[in-house]
Each structure stands twice: as C-alpha cells, then as structure tokens.
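A.B. asks: whatever this is, show me its structure:
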Amino acid sequence: MATLNGRVPVMNEPFGFGLLAERGKWDEGKILEMIRGKSFPIILADRDEDSLAQSEYFSGNVKKEIQKNYQYAGMANGAFIYFPKK
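C.D. replies: So this is what the prediction gives:
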C-alpha cells in the first residue's frame, strides 16, 4: 500500500459518502472530527476555495469543515490542494 510521508493515505469516495450522509444513512461524525483536528496532512478536492461550496463531491458539513480548518494552496494534476491552517 502506498504511503505519504510514512503515513497510510485515507482513501475516500466523497461523492458516495456525501450522498449517504445527506440522507442520514452514514454518520460522518468521525470524518468531521478528523478534519477539525487537522488529521489529514493534505486534502485533494474538485474545487478551489472560491467554489468549494458548490462541490457536489462533499457533503455540506464536510465542505464547511474544510473551509474552516484548511487553506487552499493551489492546483496540481487537476486536483485542488488544501493544507491544514496554522
């Protein structure tokens, strides 16, 4: 399995999980807690900071937590990159 700086990456299919969370079929509490705690050294998204709210790939709660706790850093290979805020 690939690692990132010695850590195992968290693979998430945000669109499917977002739909389940929005319909009350999946508890996204743990992922929200991890985002709040800045547990991820990097988050890759489909939108930049100005349009993240319109992303269809994350639930509304996840988008809010990313915006509160992560800073947009740029784009690479078609992905928008966010790092934890200091």
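A.B. asks: burial count for residue 27?
C.D. replies: Here the count is done by other Cβ atoms under 10 Å, and residue 27 has 10 residues near it. C-beta here means a position set from N, CA and C on the backbone, and glycine is covered the same way.
A.B. asks: and it, that's in a strand?
C.D. replies: No. With the criterion set as DSSP: H, G, I helix; E, B strand; the rest coil, the secondary structure at residue 27 is coil rather than a strand.
A.B. asks: torsion angles phi and psi at it?
C.D. replies: Reported as degrees, to the nearest 10, the phi and psi values for residue 27 are phi -90, psi 110.
A.B. asks: what's the closest residue to it other than its chain neighbours in contact with, if anything?
C.D. replies: In space, not counting the residues next to it along the chain, residue 27 is nearest to residue 21; the distance is 7.7 Å by Cβ to Cβ, 6 or more residues apart in numbering. With contacts defined as Cβ atoms under 8 Å, 6 or more residues apart in numbering, the neighbours of residue 21 are 27-28, 59, 61-62.
A.B. asks: return the distance of the helix or strand of the chain with the lowest mean pLDDT from the chain's centre.
C.D. replies: The helix or strand of the chain with the lowest confidence, counting by mean pLDDT, DSSP states H and E, is helix 14-22 at a mean of 86. Put simply, helix 14-22 sits 12 Å off its chain's centre (Cα atoms, centre = their mean, to the nearest Å).
A.B. asks: average pLDDT across whichever helix or strand comes after that helix?
C.D. replies: Moving toward the C-terminus from helix 14-22, the first helix or strand encountered (DSSP states H and E) is helix 29-36. The predicted model assigns helix 29-36 a mean pLDDT of 94.
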